[in-house]
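In: this one's sequence-less:
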């Protein structure tokens, strides 16, 4: 059964037991239309970039730049994964980049476990920076109407800390599994390019979209408008150059994700109606005079909760809690909850949908990450990341405390 059934069933139960009215449910779905359009645009955009050979080109370029050095290759793969996660969403890293990385390390006859764990972790660790990086980010941004640039500014320092610390820990942890040198018989990165004109167009459009996210925020243009504009350019160019077929492109979109998100909107509204967050609010108010402890406690609680019930339901609860707090505390709680919901799931393989997608993609290539191996890595990395990024988030909030959402 697809994960969409969980939220659809939850939404149906909320309606059946009167926790939310049909009118409220419909209005919550309408208000979240921007998120749905944006998800569609991201999936189409990633599929079009894949058709252009962009992700294969990135992987081969990263391996070529390593010049036969195992640890440099590991760093390059980690950084490519972080960049793709940040700007094209963690699902792109999970679904598209992971199979490419597995094929790459198998071809180079390297141990795949460190690279698989890197893909799994970076798909969560690298998802702090932008609203587009993670569905949880989109839910928080939608619920609190945070401008794109404001979100990015607050999360920049925590994102840098998360990526740097995660990489350094893994580089030490897997130092014996990564060879000093390896024999490389890789082709040139240009071999991944299926059509030179379409590839150049995809690079131009990618730059246009990334810049457009920030410029559009200043002009009150929704991110989905920019992303759909980029998709339209690539679609027209791809059809004209005969590089894509609509029937193939349609299969690249995970249509089940839309009922999944629609169900989430209804459940969020119902949770707000029930007032389930009141108890947590009373606990957080006791820490009102200790804002750093409040940030740290919120990050760890939402991180532990993400491993118990998955990070998406945990994000719903966190949103409800943050909405009931005073503005300053609400801001701290929101960003701390994002840390917990994005970094916390790195303890278990079912804490995040992205982790499960990475493992599924790897298994299709004959590779696997055991739950125990994943937990051993997560038990070391996750607490350290939550503490370090809580400090970074607290500092960011102090720096931007004069700004309003």
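Out: Everything's here; your move. Nothing here was measured: the structure is a model prediction, and the numbers come from that model.
In: so what does the helix or strand containing residue 375 touch, helix or strand wise?
Out: Assigned by DSSP states H and E, residue 375 belongs to helix 371-399. Applying 3 or more Cβ pairs under 8 Å, 6 or more residues apart in numbering; DSSP states H and E, one finds that helix 371-399 makes contact with helix 113-125, helix 148-173, helix 291-309, helix 327-343. Just so you know, the C-beta spots here come from the backbone N, C-alpha and C atoms, and that holds for glycine as well.
In: now that helix and helix 113-125, what's the angle there?
Out: Counting by axes from the mean of the first three to the mean of the last three Cα atoms, to 10 degrees, helix 371-399 lies at 40 degrees to helix 113-125.
In: Quick check: buried residues in helix 371-399?
Out: The neighbour-count check on helix 371-399 (16 or more other Cβ atoms under 10 Å) flags 374-375, 377-378, 381-382, 385-386, 388-394, 396-397 as buried.
In: what's the answer for stretch 28-43, then?
Out: 28, 29, 32, 35, 36, 37, 38, 39, 40, 41, 42, 43.
In: Helix or strand with the lowest mean pLDDT in this protein?
Out: Ranking every helix and strand in the chain by mean pLDDT, DSSP states H and E puts helix 278-285 at the bottom, with a mean of 63.
In: in which helix or strand would I find the nearest residue to residue 54 once chain neighbours are set aside?
Out: Leaving aside its chain neighbours, residue 54 sits nearest to residue 202 (5.7 Å; criterion: Cβ to Cβ, 6 or more residues apart in numbering). Using DSSP H and E, residue 202 sits in helix 196-218.
In: pLDDT weak spots in the stretch 201-350 of the chain?
Out: 276-289, 328-329 (pLDDT under 70).
In: and the direction of the helix holding residue 375 versus that of helix 291-309, what angle?
Out: Using the same axes, to 10 degrees: helix 371-399 against helix 291-309 is 150 degrees.
In: From here on, call the first residue 17.
Out: Noted, 17 is the first residue going forward, which turns the last one into helix 387-415.
In: now helix 387-415: mean pLDDT?
Out: Mean per-residue pLDDT for helix 387-415: 91.
In: and it with helix 343-359, angle?
Out: For helix 387-415 against helix 343-359, the angle by the same axes, to 10 degrees is 150 degrees.
In: Now do helix 387-415 against helix 164-189, angle only.
Out: Going by the same axes, to 10 degrees, helix 387-415 makes 140 degrees with helix 164-189.
In: Measure how far helix 387-415 is from the centre of its chain, please.
Out: In terms of Cα atoms, centre = their mean, to the nearest Å, the centre of helix 387-415 is set 16 Å apart from its chain centre.
In: what does stretch 244-258 give?
Out: 25 Å.
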